[in-house]
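Trainee: structure for this input, please:
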Amino acid sequence: MSDKIIKNGRIVADARLTVTLAEGEAPADIAVPAGQVLVPLAVWQARRDELLSRAQSGELGVWLAAGEDVAALADDLADLQVIALQFPKFTDGRSYSAATLLRSRYGYRGELRAIGFVLRDQFNYMTRCGFDSLEPPTGRYTDEQLEAAVASIEDFTQPYQSSVKDPLPLFRRVDRGTDQQVQA
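Mentor: The predicted model follows:
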């Protein structure tokens with residue numbers, strides 16, 4: 001759980017609890033607390049019918065560990081207002097691919113949240129892959145550092161590569177007229 005997140009380019013208070021399974025704990029038996037929560041994919045799969053109304057209201061979301069297949073949620077995307085993808089460590093980029101798949105292949109339009117080892121120097125690329133909420137580790141950044149991080153998300157105004165945010169690469173966005181200006 002984090003007390004502040006970056007959501008749609010703004011720092012907002014957030015009290016959503018991320019539920020985890022303890023070793024040996026069965027997904028069907030875990031106590032899902034009241035209030036805003038993110039439950040692991042295994043809990044969602046084991047208790048979908050019971051949790052569905054909470055998901056449809058936006059109170060409950062599902063989080064996927066890095067490497068879990070987003071296709072497991074394909075039939076539930078219309079019911080899930082929040083999906084979180086975990087970054088277990090700085091060097092693990094599998095959730096970038098998962099975010100891109102959710103946005104481009106599956107057309108997911110709800111809140112897509114990055115959780116776990118979410119660091120400032122990755123914020124720009126996370127938003128380019130489709131994340132609209134970034135949850136840095138609690139206590140990792142001061143309020144001033146978060147403000148600076150939000151300002152830095154737009155440091156690169158014309159990225160070369162294509163992404164969810166900019167589907168065409170820069171060379172396709174350039175007007176090949178005499179002035180070679182980037183189209184707005």
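
Trainee: could you check how far residue 137 is from residue 38?
Mentor: Between residue 137 and residue 38 the computed distance is 15 Å (C-beta to C-beta, to the nearest Å). Heads up, the C-betas are built off the backbone N, CA and C, glycines and all.

Trainee: of these two, who's got more company?
Mentor: With neighbours defined as other C-beta atoms under 10 Å, residue 137 and residue 38 compare such that residue 38 has more, 24 against 12.

Trainee: which stretches of the protein have low pLDDT?
Mentor: 1-2, 153-173, 176-184 (pLDDT under 70).

Trainee: ramachandran angles for the residue most central in space within the chain?
Mentor: In the chain, the centroid-proximal residue (C-alpha atoms, centre = their mean) is residue 113; its distance is 2.5 Å. Backbone torsions for residue 113, taken as degrees, to the nearest 10, come to phi -110, psi 130.

Trainee: my read: it touches residue 136, true?
Mentor: No: applying C-beta atoms under 8 Å, one finds residue 113 not in contact with residue 136, separated by 11.4 Å.

Trainee: find the residues that touch each one of the two.
Mentor: Taking C-beta atoms under 8 Å, 6 or more residues apart in numbering as the contact rule, residue 113 and residue 136 both touch residue 5.

Trainee: which ones are touching the residue nearest to residue 39 when sequence neighbours are not counted?
Mentor: The shortest distance from residue 39 to any non-neighbouring residue, by C-beta to C-beta, 6 or more residues apart in numbering, is to residue 19 (5.0 Å). Going by C-beta under 8 Å, 6+ apart, residue 19 touches 30, 32, 33, 37, 38, 39, 40, 43.

Trainee: bridging residues for residue 18?
Mentor: Beta-bridge partners for residue 18, by DSSP bridges, are residue 38.

Trainee: report the distance from stretch 80-95 to the chain centre.
Mentor: Offset of stretch 80-95 from its chain centre (C-alpha atoms, centre = their mean, to the nearest Å): 6 Å.

Trainee: now it: buried residues?
Mentor: Buried residues in stretch 80-95, counted by 16 or more other C-beta atoms under 10 Å: 80, 81, 82, 83, 84, 85, 86, 87, 94, 95.

Trainee: show me the domain layout of the chain.
Mentor: The record's domain parsing of the chain by automatic domain parsing lists 4-153, 156-184.

Trainee: circling back: let's have the contacts of residue 19 in TSV, adding distance to residue 132.
Mentor: As requested, the contacts of residue 19 are exported to TSV (distance: C-beta to C-beta, whole Å):
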residue	distance to residue 132
30	28
32	24
33	25
37	19
38	15
39	20
40	21
43	23
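
Trainee: ok so, going back, out of the domains of the chain, which one sits most buried?
Mentor: Ranked by mean neighbour count under mean count of other C-beta atoms under 10 Å, the domains of the chain are led by domain 4-153, which reaches a mean of 17.
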